[in-house]
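Novice: need the 3D shape of this:
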Amino acid sequence: MLIVVVTVCAVAVAFSAIRKNREENTLIIACGDDTAGMVIDYVLRDSDLNAQASGFDSLNVGDCCGSNAQFTLTDNKVGMAVLCPDAARKFISKNRKYTILGTVTCDSNVLAWKDPDTSPDVIGYMSQRDEQVRILRSRFGTGVQLKPMFTSGLVYAMESGAVNGAVLDATVAEGTDFKTEIISENQPTSVLVVKKNLIGTDLLDDFIKQYNSTVDGLSNDDELWSMLRSWQGDGDHKIKGKRAEVLNKWKKMNVKIKKLDRP
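Specialist: Here you go, the predicted structure:
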């Protein structure tokens, strides 16, 4: 009963946000508590793009493969969404008004574990991510046990001993003391899904222009640090630490934030 109540409340909160945005006549970009969500948040909030004047606003939907996110994405005001490749493929197969515009991040998921001297043999991964299963099986073979989990429960599962390794988004891994390891190379981990009727409009062109300008700026350590330190995430795993430590750990994870091509 509690799970049902929590789910209903989460959906109600999401749609309350959508109604507010509809009243303000803004176009919603749905994104999650992850690296790609951080980038979109930074583009809208801290870059030269005036989000309100340009008719954009972001809506945090948590886990893109969760029921709350999939339900929220059906609202007509959601013009764009940042999703993992698995969620994007499923979404556009059922919603023909949308298409995948391009990749936002590559390699933003890393493997984390507590004991630096022992390789993990029970690994939690983000539920409904077929790509993660494929990568982990390619890396470890059949000798490890893989457990699908809600993204919000992966760190707790590590801390409680339910698993001894977990696939974490880089923003979450950055806020922990776990050992991390790169598990992919140039593997898309989030893509931008847009409504087809936005393609060719000044609205989308302006967004892409500013997005790309922001991504270019992130090659500068001052700009990268500004984005990382301002990211709140889900609140439980806020990026913390001194500038040099945070930047060093981030660069070691080798996250790639990609520019978008204009359609």
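Novice: give me phi/psi at Val39?
Specialist: Note on Val39: its backbone torsions stand at phi -60, psi -50 [degrees, to the nearest 10].
Novice: that one and Phe140, how far apart?
Specialist: 29 Å (C-beta to C-beta, to the nearest Å). Where C-beta positions appear, they are placed from N, C-alpha and C, glycine not excepted.
Novice: show me which of these two is the more surrounded one.
Specialist: Taking other C-beta atoms under 10 Å, Val39 and Phe140 do not tie; Val39 has more neighbours (25 against 18).
Novice: now do the contacts for that one.
Specialist: Val39 makes contact with Val104, Thr105, Thr214, Val215, Met227, Ile257, according to C-beta atoms under 8 Å, 6 or more residues apart in numbering.
Novice: who wins on neighbours among the residues you listed?
Specialist: Neighbour counts for those peak at Val104, which has 27 neighbours (criterion: other C-beta under 10 Å).
Novice: now the element after the helix or strand encompassing it, going C-ward?
Specialist: Assigned by DSSP states H and E, Val104 belongs to strand 98-106. Next helix or strand after strand 98-106 toward the C-terminus (DSSP H and E): strand 109-113.
Novice: nearest the geometric middle of the chain, what residue?
Specialist: Asp34 (3.3 Å; C-alpha atoms, centre = their mean).
Novice: could I get the contacting residues of the residue nearest to that one when sequence neighbours are not counted?
Specialist: Computed as C-beta to C-beta, 6 or more residues apart in numbering, the closest residue to Asp34 that is not its neighbour in sequence is Asp169, at 4.2 Å. Contacts here follow C-beta under 8 Å, 6+ apart; on that basis Asp169 touches Asp33, Asp34, Thr35, Ser108, Asn109, Thr151.
Novice: for Asp169, list each beta-bridge partner.
Specialist: Following DSSP bridges, Asp169 is listed with bridge partners Asn109.
Novice: strands along this protein, start to end?
Specialist: Using DSSP state E, the strands of the chain run over 27-31, 56-60, 78-83, 98-106, 109-113, 122-126, 145-149, 165-169, 179-182, 188-195, 256-257.
Novice: show me where the stretch 101-250 of the chain dips below the pLDDT cut-off.
Specialist: 233-237 (pLDDT under 70).
Novice: thinking again about what came up before, pick the one among the contacts of Val39 closest to Lys94.
Specialist: For Lys94, the nearest member of the contacts of Val39 is Val104. The distance, counting by C-beta to C-beta, is 21.2 Å.
Novice: and that closest one, how close does it get to Leu192?
Specialist: In this view, Val104 and Leu192 are 5 Å apart by C-beta to C-beta.
Novice: shared neighbours, those two?
Specialist: Val82, Leu260.
Novice: separation between the closest residue to Val246 other than its chain neighbours and Glu159?
Specialist: Nearest-residue entry for Val246: Leu228, 5.8 Å, with adjacent residues in sequence omitted and distances by C-beta to C-beta, 6+ apart. Applying C-beta to C-beta, the value for Leu228 to Glu159 is 23 Å.
Novice: more crowded one of the two?
Specialist: Leu228 (22 against 12).
Novice: test my guess that that one contacts Glu174.
Specialist: Yes - using C-beta atoms under 8 Å, Leu228 is in contact with Glu174, at 7.3 Å.
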